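> Kindly generate the corresponding structure for this input.
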Amino acid sequence: MFGVEFVRTRQTTGAIAPSGSRLRRARSRHVACPGSRPRAILEVGPGAGAEIRHIAARLRPRDRLDLVEANPRLAIRLEATIKAEQAEKLEKGA
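Here you go, the predicted model:
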């Protein structure tokens with residue numbers, strides 16, 4: 001999907017492919033920093049959400065994660081993925 005969106009809308013798609021696992025781990029390692037205050041994290045251009053799972057796994061209950069995606073198709077896909085994962089977590093917790 002990234003390749004197609006990159007060709008279609010270069011203005012709103014900054015990558016030709018999702019981030020690899022090494023890059024995702026490297027970029028999310030700072031989220032694990034200790035502290036007692038709630039943190040606010042802004043992810044600009046999350047694409048299809050490849051890094052979001054790594055970041056979300058490091059969030060504490062009072063932390064906040066905001067996502068901003070300029071490409072409407074990627075944003076719709078990301079929203080659907082997040083909703084499906086939340087529903088799955090609720091089912092497992094129930």
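
> Please report phi then psi for residue 22.
The phi/psi pair for residue 22 (degrees, to the nearest 10) reads phi -60, psi -40.

> what's around it, how many residues?
Residue 22 has 8 neighbours, counted by other C-beta atoms under 10 Å. (C-beta placed from N, C-alpha, C; glycine too.)

> do you know how far it is from residue 53?
Counting by C-beta to C-beta, to the nearest Å, the gap from residue 22 to residue 53 is 15 Å.

> Name all residues that make contact with residue 62.
Counting by C-beta atoms under 8 Å, 6 or more residues apart in numbering, residue 62 touches residue 38.

> For my notes, confirm it occurs in a helix.
No: Residue 62: not assigned to a helix; according to DSSP: H, G, I helix; E, B strand; the rest coil it is coil.

> Quick check: phi and psi at it.
Torsion angles, degrees, to the nearest 10, at residue 62: phi -90, psi 0.

> Give me the nearest residue to the most centrally placed residue in the chain, chain neighbours excluded.
Among the residues of the chain, residue 52 comes closest to the average C-alpha position under C-alpha atoms, centre = their mean, at 2.8 Å. Leaving aside its sequence neighbours, residue 52 sits nearest to residue 46 (C-beta to C-beta, 6 or more residues apart in numbering; 5.7 Å).

> And the pLDDT for residue 18?
At residue 18, the pLDDT value in this model is 63.

> picking up where we left off before, could I get the contacting residues of the residue nearest to the centre of the chain?
Residues near residue 52 by C-beta under 8 Å, 6+ apart: 43, 46, 65, 67, 78, 82.

> Mind checking which of those are buried?
Neighbour counting with 16 or more other C-beta atoms under 10 Å marks 43, 46, 65, 67, 78 as buried within the contacts of residue 52.

> Filter the residues you listed down to the ones in helices?
residue 78 (DSSP state H).

> Out of the buried ones among the contacts of residue 52, the closest to residue 88 would be?
residue 78 (15.7 Å; C-beta to C-beta).
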